[in-house]
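Undergrad: Sequence first, then the predicted structure:
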Amino acid sequence: MSSPVKKYKIHVPATTANIGPGFDVCGIALSLSLTVLVTIPTDGKGDAIPVISYTGLDSANVPLSPYKNLLTRVALYVLRSNGVDSFPPGVQIHAHNEIPFGRGLGSSGAAVISGVLLGNLLGNLNLPTSRLLDFALMVERHPDNVTAALVGGFVGSYLKELAPEDLEAATVPLAEVLPEYPPDAGPNWGEHPPKAPYGIGHYVRFGWAPEIKAIAVMPRFELATAKARGVLPNEYSRKDIVFNLQRLAVLTTALSRSPPDPELIYDAMKDKLHQPYRVPLIPGLSEILEKLTYQTYPGLLGICLSGAGPTILALATDNFDTIAKEIERIFGTHNIEVDFKTLTIDTKGSWVEEVAADATI
Ligand SMILES: Nc1ncnc2c1ncn2[C@@H]1O[C@H](COP(=O)(O)OP(=O)(O)O)[C@@H](O)[C@H]1O
Ligand SMILES: N[C@@H](CCOP(=O)(O)O)C(=O)O
């Protein structure tokens with residue numbers, strides 16, 4: 001006879017980050033999600049390590065060892081940081097993914113947030129949102145995707161300047177925060193991870209005009225965020241920083257006003273801090289940013305790279321298919337195939353629900 005179980009579903013949305021000038025600051029949660037079904041035996045019996053399975057987008061290449069999979073490594077990091085040395089026995093994890101990997105729609109941010117929520121659930125930790133965010137930020141150091149994925153909506157965030165002793169913990173290489181535990185690691189294996197400082201991330205939710213939708217045009221190739229960050233300079237000119245600051249200050253309010261003003265938003269979504277440097281990695285990007293204007297495509301409000309790319313984000317109130325098809329056409333001239341979707345803004349963020357013992361994804 002099988003063990004009695006408790007089952008939970010963790011829901012985490014995709015995110016688009018930067019929105020033009022808000023590099024590493026702004027994020028928007030979108031209507032695509034990563035859903036994780038967690039089965040926990042109530043009699044404490046079963047395999048010592050969780051059994052993982054995946055369905056959905058890009059699921060064929062995800063590592064299924066809990067010591068290699070990003071989601072479970074983050075969960076174990078949260079557990080170990082809170083005095084729980086290993087996964088409870090008999091846990092089964094099934095993830096269903098709608099967020100394409102490496103396209104600039106926050107798949108890794110969603111995996112990190114689900115991992116933090118999974119650790120919180122498996123350890124019965126009852127951590128508050130700010131503490132969940134601390135752990136997420138120890139893993140994914142830019143706050144834009146993880147904050148929007150956790151709290152939902154259109155969000156701006158910053159990282160607190162840390163005290164020297166906390167700074168040391170926060171700059172520990174990712175590989176040490178998330179060691180790839182050998183499969184035979186016992187509960188006391190290895191060093192404990194560095195303590196996550198408290199209150200690393202601070203955020204505010206902006207308003208959002210309900211008629212604005214997000215068109216995501218997703219090229220069929222992956223661009224690792226780490227690679228797209230690697231091409232950015234370490235220093236910028238005052239002129240370029242001021243260019244972005246001016247636009248960002250206007251954009252956060254302009255996107256909340258109904259009806260939205262295309263003339264104001266279009267220019268406010270321009271950027272000089274990351275997009276120009278990423279052009280060589282995304283054939284067609286410059287042409288797309290120049291060619292699609294609010295004057296030539298009625299309904300278009302603004303256009304930018306989604307996160308680190310290669311997805312293009314167009315914010316619009318109308319003519320979604322026409323706008324997407326023109327972007328598809330330009331990518332096509334560079335022999336790049338795409339998929340496109342018109343998405344709405346997810347205002348709920350991440351959430352966990354208990355489901356019936358016979359529930360499936
Ligand atoms: N649901 C998931 N489960 C496990 N790993 C994931 C998941 N989603 C993303 N990842 C990991 O994150 C990588 C993509 O991260 P990244 O380069 O930051 O791109 P993105 O823009 O999609 O966040 C994937 O190749 C995979 O290794
Ligand atoms: N601010 C980051 C955002 C990365 O988002 P992703 O969805 O591409 O991981 C950056 O621009 O590097």
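TA: Noted; the coordinates are in hand. Everything numeric in this text was worked out from a predicted model, so none of it was measured. Ligands and ions are numbered 1, 2, ... in the order given.
Undergrad: Count the neighbours of the residue in the stretch 151-300 of the chain positioned nearest to ligand 1 for me.
TA: Proximity of the stretch 151-300 of the chain to ligand 1 (CB to the nearest ligand atom) peaks at Thr225, 3.3 Å away. Glycine gets a C-beta too; all of them are placed from N, C-alpha and C. The local packing of Thr225 (other CB atoms under 10 Å) involves 22 other residues.
Undergrad: same question, Ser33
TA: Using other CB under 10 Å, Ser33 has 22 other residues around it.
Undergrad: Dihedrals phi and psi, Arg103?
TA: The phi and psi values for Arg103, taken as degrees, to the nearest 10, are phi -110, psi 0.
Undergrad: can you pull the pLDDT of it?
TA: Arg103 is assigned 98 on the pLDDT scale.
Undergrad: And it, how close does it get to Ala316?
TA: Going from Arg103 to Ala316 by CB to CB, to the nearest Å gives 19 Å.
Undergrad: Kindly report the residues of the chain close to ligand 1.
TA: For the chain, the contact set with ligand 1 under CB under 6 Å from any ligand atom comprises 34, 62, 69-71, 95, 97, 101-109, 111, 224-225, 307-308.
Undergrad: For ligand 2, tell me which of these show up nearby.
TA: By CB under 6 Å from any ligand atom, the members of these lying near ligand 2 are Gly104, Leu105, Gly106, Ser108, Thr225, Gly307, Ala308.
Undergrad: For the helix or strand that contains Leu121, give the mean pLDDT please.
TA: Here Leu121, judged by DSSP states H and E, is contained in helix 107-122. Regarding helix 107-122, the rounded mean pLDDT is 98.
Undergrad: Can you classify the closest residue to Ala359 other than its chain neighbours by secondary structure?
TA: Using CB to CB, 6 or more residues apart in numbering and skipping residues adjacent in sequence, the residue nearest Ala359 is Lys7, 5.5 Å away. The three-state label given to Lys7 by DSSP: H, G, I helix; E, B strand; the rest coil is strand.
Undergrad: The one 5 residues further on now?
TA: Three-state assignment for Val12 (three-state DSSP): strand.
Undergrad: Surely it is in contact with Val112?
TA: No - the criterion here is CB atoms under 8 Å, and Val12 misses it with Val112 at 9.1 Å.
Undergrad: the more surrounded of those two?
TA: Each of Val12 and Val112 has its neighbours counted (other CB under 10 Å); Val12 has more, 31 against 28.
Undergrad: OK, contacts around that one?
TA: Counting by CB atoms under 8 Å, 6 or more residues apart in numbering, Val12 touches Ser33, Leu34, Thr35, Val36, Ala110, Ile113, Ser114, Leu117, Ala149, Ser350.
Undergrad: Relative to Ala148, how far out is the last one?
TA: Between Ser350 and Ala148 the distance is 10 Å, computed by CB to CB.
Undergrad: More neighbours: which of those two?
TA: Neighbours per residue (other CB under 10 Å) separate Ser350 from Ala148, with Ala148 holding more: 32 against 24.
Undergrad: Might you report the residue contacts of the residue of the chain found nearest ligand 2?
TA: Nearest residue of the chain to ligand 2: Gly307, at 2.7 Å (CB to the nearest ligand atom). For Gly307, the contacting residues are Thr15, Thr16, Ala17, Asn18, Gly104, Leu105, Gly106, Asp144, Asn145, Thr225, by CB under 8 Å, 6+ apart.
Undergrad: What strand or helix carries it?
TA: Counting by DSSP H and E, Gly307 is found in no helix or strand.
Undergrad: before we move on, back to that, and for the residue nearest to Ala359, the neighbour number?
TA: By the criterion of other CB under 10 Å, Lys7 has 17 neighbours.
Undergrad: Quick check: it vs Val36, distance?
TA: Separation of Lys7 from Val36 (CB to CB): 11 Å.
Undergrad: What's the biggest strand in the protein, counting residues?
TA: Determined from DSSP state E, the single longest strand within the chain is strand 26-41.
Undergrad: picking up where we left off before, tell me the helices and strands packed up against the helix holding Leu121.
TA: The contact analysis (3 or more CB pairs under 8 Å, 6 or more residues apart in numbering; DSSP states H and E) places helix 107-122 against strand 5-17, strand 26-41, helix 70-81, strand 92-97, helix 129-139, helix 143-151.
Undergrad: what's the distance between the longest strand of the chain and the middle of its chain?
TA: Remark: strand 26-41 is offset 10 Å from the chain centroid, using CA atoms, centre = their mean, to the nearest Å.
Undergrad: continuing past that strand, what's the next helix or strand?
TA: Counting by DSSP H and E, the next helix or strand C-terminal to strand 26-41 is strand 51-56.
Undergrad: Alright, I will stop here.
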